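Trainee: Here is a sequence with its predicted model. Questions after.
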Amino acid sequence: MNRHTLSDTQIVPGIATTGVFNSANLETAQAGGLTLFWSHRLQDLVEFIGATKGQTP
């Protein structure tokens, strides 16, 4: 499934992660359309989801 198709279905690909990562790998993931959420900041993920409730394309 390509990024255009994902956006048409209102899906944002993302991960909640923890640990130490090479910044180049994180940048590559983000450039590919992945949204990153850190496990020590899960409230950011909760707020992101809450902000999308009731929105239509």
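Mentor: Happy to help now that I have it. Numbering: from 1, shown residues only.

Trainee: Verify the stated contact: Ser39 with Ile15.
Mentor: No: using CB atoms under 8 Å, Ser39 is not in contact with Ile15, being 9.9 Å away. Just so you know, the C-beta spots here come from the backbone N, C-alpha and C atoms, and that holds for glycine as well.

Trainee: Can you pull out the low-pLDDT segments for the chain?
Mentor: Where the chain drops to pLDDT under 70, the residues are 1-9, 55-57.

Trainee: in it, which spans are helices?
Mentor: Ranges of helices in the chain, per DSSP state H, are 3-8, 23-31, 42-52.

Trainee: would JSON lines of these with mean neighbour count be doable?
Mentor: Converted to JSON lines, the helices of the chain look like this (neighbours: other CB atoms under 10 Å):
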{"stretch": "helix 3-8", "mean neighbour count": "10"}
{"stretch": "helix 23-31", "mean neighbour count": "10"}
{"stretch": "helix 42-52", "mean neighbour count": "11"}
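
Trainee: residues contacting the residue sitting nearest the centre point of the chain?
Mentor: For the chain, the residue nearest the mean C-alpha position is Thr35 (2.3 Å; CA atoms, centre = their mean). Neighbouring residues of Thr35 by CB atoms under 8 Å, 6 or more residues apart in numbering: 12-15, 48.

Trainee: Let me have those in a markdown table, extended by distance to Ala24.
Mentor: Listed next are the contacts of Thr35 as a markdown table, based on distance: CB to CB, whole Å:
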| residue | distance to Ala24 |
| --- | --- |
| Val12 | 23 |
| Pro13 | 19 |
| Gly14 | 19 |
| Ile15 | 17 |
| Phe48 | 24 |
